[in-house]
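Visitor: coords below, sequence missing:
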Ligand code: AHR
């Protein structure tokens, strides 16, 4: 089959905020303990962080990591994770029915973040706590004043502030599963007052208010409007969360999940514009898609997990080849919407619905979804360029026109680099794609990497970490690139 991808240097969507390629580490399952932190591990550094995991995260060039939750944050006392480790309390952690030892908290996590060259996106507890404590944690992390919480940080050994710029006003407060779930009006009031206090403490920070936990929430739409009407002038971003999956084993339909993501982004963007208009405001509210991924494989086994364990294996989805294709399409969607979506976090990073897996006390290995995410992180920096795909389509689920080829194009003028990301959703046929890259001049193809496997259910594992790994593609000869059937592709050009 033939297809065509056209992009024009002069038709751009937006500069891409590097935070579009962020990720997430929650105190959940084995994400922190045995994931990034394992003092007994052979590779542990002086603070107990696993250096095998740090090395791969650093190489991915992840710009920002959301912390400490997720549902966890809605019952969290951030002070528990500061100061003398010997005095830190063990707590019943109600979001995941586990025991939290508090061996790691913001004191340690900010050091880990420095060591892997990333920023922190910090969430505050607006469940069991409120605006006052939200202001206090901002003071602890960012203030240089001679005041109680800034001095507490100094006493704990950190003279220099942590300088955390991006903050979440709670997590999924629309969800009945949330610790101290709120109605839209209750949340909107709390978030607005927390935002005022947090910005009074540090007016350089940016704030993300909770949108809906997913597109099918019964309060979707009304929730966003209520929050925006109340807090518009005090916030910078509205959050979106969505997880996709293939529980019905319908691959053709599953691979169109990125079209659902696209619809969701457009709907929330339209709500932001509606309230902007209503308020006659000059300010735009941008989107923070701060939880997205595939999540469905682990659902049954998690129901069997015993309660009140320390770092139990939870949400340990093992990803297939088709999941990597879905993630590739979702990343293309985020890139094509870079004018509205400024922040996005692949949820999560290690062991919990994650691209990176570890064995307790043993090796680490990479899941299939690691590869599209890593390529986007590294080569998706610059300007998102409008992309026009001419491709045959197919019907699946409720959609009657799903293009076989899905693509995004990123131009990095500074590096003289142009990258085309493309997924071939066709299970049977290769696609010969003509690349029509207008006004870009003489660009030479320097790399074409392909992720593919004959078996769409193929996975990697500790024993077989290299079952699904990228291989070199045939490149773009005379403006035509061949996309193997059911493949993810990263094609890089230099001038
Ligand atoms: O990422 C896992 C969980 O998914 C988060 O804790 C929560 O915010 C969402 O429901």
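Guide: Sure, I can see it. Predicted model, so just to flag it, every value in this text is computed and none were measured.

Visitor: helix or strand for whatever residue of the stretch 351-495 of the chain ends up closest to the ligand, which one?
Guide: Of all residues in the stretch 351-495 of the chain, residue 353 sits closest to the ligand, at 6.1 Å by Cβ to the nearest ligand atom. All C-beta atoms are positioned from the backbone trio N, CA, C, and that covers glycine. Taking DSSP states H and E as the definition, residue 353 sits outside all helices and strands.

Visitor: I figured it hits residue 291, correct?
Guide: No. Between residue 353 and residue 291 there is no contact, the gap being 9.5 Å when judged by Cβ atoms under 8 Å.

Visitor: quick check: neighbours shared by these two?
Guide: 243, 347 (Cβ atoms under 8 Å, 6 or more residues apart in numbering).

Visitor: neighbour count winner among these two?
Guide: residue 353 (28 against 25; other Cβ atoms under 10 Å).

Visitor: let me see the contact set for the more buried one.
Guide: 243, 293-295, 298, 315-317, 347.

Visitor: list, out of these, those positioned next to the ligand.
Guide: Contacts with the ligand are made by residue 347 out of these, judged by Cβ under 6 Å from any ligand atom.

Visitor: most neighbours, which of the contacts of residue 353?
Guide: Busiest of those [other Cβ under 10 Å] is residue 293, holding 28 neighbours.

Visitor: quick one: mean pLDDT over the helix or strand encompassing it.
Guide: Following DSSP H and E, one finds residue 293 within strand 286-294. Across strand 286-294, the average pLDDT comes to 98.

Visitor: ditto for stretch 61-76
Guide: 98.

Visitor: anything in it near the ligand?
Guide: Yes. Using Cβ under 6 Å from any ligand atom, stretch 61-76 reaches the ligand at 69-71.

Visitor: quick one, phi psi at the residue in the stretch 201-350 of the chain positioned nearest to the ligand?
Guide: Distances between the stretch 201-350 of the chain and the ligand by Cβ to the nearest ligand atom are smallest at residue 347, namely 4.3 Å. Here is the backbone geometry of residue 347 (degrees, to the nearest 10): phi -100, psi 120.

Visitor: max pairwise distance over the contacts of residue 353: which two?
Guide: By the measure Cβ to Cβ, 243 and 316 form the most distant pair in the contacts of residue 353, at 14.5 Å.

Visitor: with adjacent residues omitted, what lies nearest to whichever residue of the chain sits closest to the ligand?
Guide: With Cβ to the nearest ligand atom as the measure, residue 70 is the residue of the chain nearest to the ligand, at 2.8 Å. Excluding the flanking residues, the one nearest residue 70 by Cβ to Cβ, 6 or more residues apart in numbering is residue 26, at 3.6 Å.

Visitor: next: residue 131.
Guide: Nearest non-adjacent residue to residue 131, counting by Cβ to Cβ, 6+ apart: residue 194, 3.9 Å away.

Visitor: how near is the one you found to residue 166?
Guide: According to Cβ to Cβ, to the nearest Å, residue 194 stands 15 Å off from residue 166.

Visitor: ok, residue 158 next?
Guide: 19 Å.

Visitor: so the two - more neighbours on which side?
Guide: residue 166 (23 against 18).

Visitor: where does the nearest residue to the more buried one once chain neighbours are set aside land on pLDDT?
Guide: Leaving out its chain neighbours, the residue that sits closest to residue 166 by Cβ to Cβ, 6+ apart is residue 121, at 4.4 Å. At residue 121, the model reports a pLDDT of 98.

Visitor: just residue 242 next, same as before
Guide: Predicted confidence (pLDDT) for residue 242: 98.

Visitor: element containing the residue nearest to residue 131, please.
Guide: Here residue 194 is assigned to helix 184-201, by DSSP H and E.

Visitor: following element in sequence after that helix, please.
Guide: Downstream of helix 184-201 (by DSSP H and E), the next one is strand 206-209.

Visitor: dihedrals phi and psi, residue 454?
Guide: Dihedral angles (degrees, to the nearest 10) for residue 454: phi -60, psi -30.

Visitor: for this protein, which residues are neighbours of the ligand?
Guide: Contacts of the chain with the ligand, taken as Cβ under 6 Å from any ligand atom, map to 26, 69-71, 171-172, 291, 347-348.

Visitor: for stretch 354-371, which outside residues touch it?
Guide: 30-31, 34-35, 38, 40-41, 50, 52-53, 56-57, 293-294, 316, 318-321, 323-324, 327, 346, 348-351, 373-374, 451, 458-462, 465, 468-470, 488.

Visitor: no, scratch that, I was asking about stretch 150-161
Guide: Taking Cβ under 8 Å, 6+ apart as the rule, stretch 150-161 contacts 82-83, 107, 110, 139-144, 162.

Visitor: ok, of these, which come out buried?
Guide: Buried residues within those, counting neighbours by 16 or more other Cβ atoms under 10 Å: 82-83, 107, 110, 139-143, 162.

Visitor: need those in CSV (columns: pLDDT and secondary structure).
Guide: As requested, those are exported to CSV (pLDDT from 0 to 100; DSSP: H, G, I helix; E, B strand; the rest coil):
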residue, pLDDT, secondary structure
82, 98, coil
83, 98, coil
107, 98, helix
110, 98, helix
139, 98, helix
140, 98, helix
141, 98, helix
142, 98, helix
143, 98, coil
162, 98, coil
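
Visitor: and the gap between the closest residue to residue 429 other than its chain neighbours and residue 424?
Guide: Nearest residue to residue 429 in three dimensions, chain neighbours excluded: residue 1, at 4.9 Å (Cβ to Cβ, 6+ apart). Look at residue 1 and residue 424: by Cβ to Cβ, they are 9 Å apart.
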